[in-house]
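*Asks:* can you look at this prediction? I've put the sequence above it.
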Amino acid sequence: MIRRPLSALALGALLACAGAHAANESVHADAPAQQRNPREHYTKYEYQIPMRDGVKLFTVVYVPKDSSKAYPFLMQRTPYSAGTRADGETRYGVDWFPRALSPTPELEQSGYIFVTQDVRGRYMSEGSWQEMTPHAKAKREKGEGSESEDMYDTVEWLLKHIPNNNGKVGIWGISYPGFYTAASIIDSHPAIKAASPQAPIADLYMGDDSYHGGAFMLSANFDFYTNFLPQKNPTLPNRARSSFEYGEADAYDFFLKRLTMPNILATLSAEQRALLEPTIVHDTYDEFWRSRAITPHMKNVKAAVLTVGGWFDAEDPAGPFAIYDAVGKYNPKTPNALVIGPWVHGGWAGSDGARLGHVSFDAKTSEYYRREIQFPFFEQHLKGVKPARTLANVNAFETGTNVWRTYSAWPPAPAKAKTLYFGPNGTLSWQQPASSGTGYDEYVADPRKPVPYIGYAATGVPREYMVSDQRFAATRPDVLVYQSEVLEQDVTVAGPVLPKLVVSTTGTDADWVVKLIDVYPAEYPTPQAERKGNDVGPPSVNMGGFQQLVRGNPLRGKFRNSFEKPEPFTPGKQEALSFDIGQVNHTFRRGHRIMVQVQSSWFPLVDLNPQTFVHIPKAKPEDFQKATQRVYRAPGAASGLQLMVMP
């Protein structure tokens, strides 16, 4: 989860592969080629559009030069600047054009009025910015607004002041702009006919950027907020863009040397701490987070909705499913579709989607999505163009077999819950364990020697970690490994992955990180490394026995019964845990094995649990203690992993 501020006007989609609330700064080499220069076909205008409270929002409008027909609006709202990234800087002014105006070249060539707006309190817009703007705030401070009201007022103004429009509006955005897309269609203006929230943040605490299972996502948030700062608006972007200097080659070393959250925060300026620190201090699901959750408010949505996400999105894996479910729940008559592909955060926009790290998907999945799903969606609802085929409710890429599937609902109706049980000697099977041996496995978890989440040095969060080879972790004594026999037939899982554990700890708190892994056969084709001249290149990864992470997430044990009210463990007492580590649609192929790893740290992706029951944001060095963790596998106290298995 490498979070970097969004830079260019409508390039937000093309660049979204590397940002958590955001996207990258430069066009990826394999970004979709634009077949014509936008400057030749569009005229750029800049406006300050007044809202109902008098605040003016800076808005950029690109109008087709061909005025012989009417065009729909296609809009994006962003906290990352509506300016154009050019010559190493973000620039405002009608003379600066981005390389592309739209999420696909087909849309630009078809003809739309493209609009991008700085949300209130960011860059050239007036007003006060709020993290995940609360939709229903009892008392707004001066300058604070509502995203749905701001969108409504903007649409009203555009319809009246921009000539040659056909009276229809679409909105889209990736990551934070995906949140603004969803928030903007609540009680939506009737002219908004199509909306595509892509990698939308739905609830920062419940599985998106900030917390997973009550554990703080340390490395990604630190990397993002040290560069995403408060602003006094209107303000032009800083001419010089800089990143945080870790002073270490590996974030693992940087964070471990500082150990405690107070020591980590002490490395930052007051400005850098301003937006980050509240997300750390509020480590329970309190009103700070509840007021910012958007899903309870997704009502009176009039636009057709196409929600998009990626199986390997490290930043907002939960948001797309939550938005899709909420739109369907509160607006049953509204067209509502979900697309989930084999992508990182925004990967459907900034790459061809053919592979991630060492894992190949055997097709240019992003190009397929942009051409066959996204383009027809906007054409249908904004121009009335009948699509070649009806869009299914759910379009999901099945990894492993590498094929697109369509379903009427998610999870698919045929999928049935089955549990893989942990057995003696690291076995994993569909049968509950019989009485034998000790009935548990144990390890010593030391927060001063935490389990890393990747097997190499990096700062930020490498995008490939969500399919990264787990062989480095399987050899550690503080990681439990359970593995099935070689599969005699394919096993397809589609839906949530639910660890069902019976555990105990000698401490008073503990993290339980569970990873679902696809183990490749010993004989598996390894792509030949490219050789240049007579130099001997580095060894390629041997794909035989590759342990591909399919899904993994933590549960902070103190939140096992409630995210609002943490409870300590009683040392040595057995406790039953049931939690959700995310959605999958993956086939474990014949000849492969299914593996589950269990550990108590995942560092520095997740912050350290001291393993004593304390307020972790204020924990002291002496609070960090070793603990012995047990995972039980006895009759009546059987641990395992519940999967939704397709027939």
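*Replies:* Received, thanks. Residues are numbered from 1 along each chain as shown.

*Asks:* where in this protein is pLDDT low?
*Replies:* For the chain, the stretches with pLDDT under 70 are 1-35, 239-242, 436-437, 528-539.

*Asks:* quick one, strands of the stretch 201-350 of the chain?
*Replies:* 211-212, 215-216, 304-310, 336-341 (DSSP state E, counting those that start in this stretch).

*Asks:* make CSV out of those and add mean neighbour count.
*Replies:* For every residue, glycine as well, the C-beta is placed using N, CA and C. Shown next, in CSV, are those (neighbours: other Cβ atoms under 10 Å):
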stretch, mean neighbour count
strand 211-212, 27
strand 215-216, 24
strand 304-310, 28
strand 336-341, 24
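
*Asks:* out of those strands, flag the one nearest T570.
*Replies:* For those, the distance to T570 is smallest for strand 215-216, at 20.9 Å, taking Cβ to Cβ.

*Asks:* mind giving me the packing neighbours of the closest one?
*Replies:* Contacts defined by 3 or more Cβ pairs under 8 Å, 6 or more residues apart in numbering; DSSP states H and E place strand 215-216 against strand 547-556.

*Asks:* which residues touch the next helix or strand after the strand it packs on?
*Replies:* Remark: after strand 547-556, the chain's next helix or strand is strand 575-578, criterion DSSP states H and E. Residues from elsewhere that reach strand 575-578, judged by Cβ atoms under 8 Å, 6 or more residues apart in numbering: L498, P499, K500, L501, V502, V503, S504, W512, L555, G557, R560, F569.

*Asks:* secondary structure element for the third one, which one?
*Replies:* In the assignment (DSSP H and E), K500 maps to strand 498-505.

*Asks:* angle of the helix or strand that that strand is followed by against strand 498-505?
*Replies:* Counting by DSSP H and E, the next helix or strand C-terminal to strand 498-505 is strand 511-519. Angle of strand 511-519 versus strand 498-505, following axes from the mean of the first three to the mean of the last three Cα atoms, to 10 degrees, is 130 degrees.

*Asks:* just the CA trace of strand 511-519, in PDB.
*Replies:* Output of strand 511-519 as PDB, limited to C-alpha atoms (Å, rounded to 0.1, in the frame of the first residue of the first chain):
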ATOM      1  CA  ASP A 511      -2.700 -10.400  17.300                       C
ATOM      2  CA  TRP A 512      -3.700 -13.400  15.200                       C
ATOM      3  CA  VAL A 513      -2.700 -13.100  11.600                       C
ATOM      4  CA  VAL A 514      -4.100 -15.800   9.300                       C
ATOM      5  CA  LYS A 515      -2.900 -16.300   5.700                       C
ATOM      6  CA  LEU A 516      -4.500 -18.500   3.000                       C
ATOM      7  CA  ILE A 517      -1.800 -19.700   0.600                       C
ATOM      8  CA  ASP A 518      -1.700 -21.500  -2.800                       C
ATOM      9  CA  VAL A 519       1.300 -23.800  -2.900                       C
END
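
*Asks:* show me what that strand is packed against.
*Replies:* In terms of contacts (3+ Cβ pairs under 8 Å, 6+ apart), strand 511-519 is packed against strand 498-505, strand 547-556, strand 583-588, strand 593-599, strand 640-645.

*Asks:* circling back: of the strands of the stretch 201-350 of the chain, which is nearest H586?
*Replies:* strand 336-341 (11.5 Å).

*Asks:* correct me if wrong: Y407 contacts V394.
*Replies:* Yes. With contact defined as Cβ atoms under 8 Å, Y407 reaches V394; the gap is 4.1 Å.

*Asks:* these two: which is more packed in?
*Replies:* Using other Cβ atoms under 10 Å, the more surrounded residue of Y407 and V394 is V394, with 21 against 18.

*Asks:* contacting residues around the more buried one?
*Replies:* Contact analysis of V394 by Cβ under 8 Å, 6+ apart lists A337, L338, V339, I340, T406, Y407, S408, A409, W410, P412.

*Asks:* before we move on, what about W410?
*Replies:* For W410, counting by Cβ under 8 Å, 6+ apart, the contacting residues are F321, Y324, L338, N393, V394, A396, G495, Q583.

*Asks:* grab the nearest non-local neighbour of the first one.
*Replies:* Excluding the flanking residues, the one nearest F321 by Cβ to Cβ, 6 or more residues apart in numbering is Q583, at 5.9 Å.

*Asks:* okay, and the beta partners of that neighbour?
*Replies:* P496 (DSSP bridges).

*Asks:* how much space between it and P320?
*Replies:* Distance, Q583 to P320, using Cβ to Cβ, to the nearest Å: 9 Å.

*Asks:* got it, and G400?
*Replies:* 20 Å.

*Asks:* pick out whichever of these two has more residues nearby.
*Replies:* Just comparing G400 and P320: by other Cβ under 10 Å the higher neighbour count belongs to P320, 26 against 21.

*Asks:* which ones are touching that one?
*Replies:* P197, Q198, A199, P200, T307, V308, G309, D313, L338, I340.

*Asks:* 6 Å instead, please
*Replies:* P320 makes contact with T307, G309, according to Cβ atoms under 6 Å, 6 or more residues apart in numbering.

*Asks:* please apply the same query to K416.
*Replies:* V645 are the contacts of K416 under Cβ under 6 Å, 6+ apart.

*Asks:* who is it paired with across the strands?
*Replies:* Beta-bridge pairing of K416 under DSSP bridges involves V645.

*Asks:* who wins for most neighbours among the contacts of W410?
*Replies:* Y324 (28 neighbours).

*Asks:* from P411, how far out is that one?
*Replies:* For Y324, the distance to P411 - Cβ to Cβ - is 12 Å.

*Asks:* so for stretch 235-248, first residue to last residue, what's the gap.
*Replies:* 33 Å (Cα to Cα, to the nearest Å).

*Asks:* out of the helices and strands packed on strand 511-519, nearest to F255?
*Replies:* It's strand 547-556; of the helices and strands packed on strand 511-519, that one is closest to F255 (Cβ to Cβ) at 15.8 Å.

*Asks:* send the alpha carbons of the closest one over as CSV?
*Replies:* What follows is strand 547-556, C-alpha atoms only, in CSV (Å, rounded to 0.1, in the frame of the first residue of the first chain):
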residue,chain,number,x,y,z
GLN,A,547,3.7,-20.1,-1.8
GLN,A,548,1.4,-17.5,-3.3
LEU,A,549,-0.5,-15.4,-0.7
VAL,A,550,-4.2,-15.5,-1.7
ARG,A,551,-5.6,-13.6,1.3
GLY,A,552,-4.3,-12.6,4.7
ASN,A,553,-5.3,-10.3,7.5
PRO,A,554,-5.0,-9.8,11.3
LEU,A,555,-7.4,-9.8,14.2
ARG,A,556,-6.3,-7.7,17.2
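
*Asks:* just use 284 as the starting number from now, easier for me
*Replies:* With the count now opening at 284, the last piece we talked about shows up as strand 830-839.

*Asks:* elements contacting it?
*Replies:* For strand 830-839, the packing partners by 3 or more Cβ pairs under 6 Å, 6 or more residues apart in numbering; DSSP states H and E come out as strand 794-802, strand 866-871.
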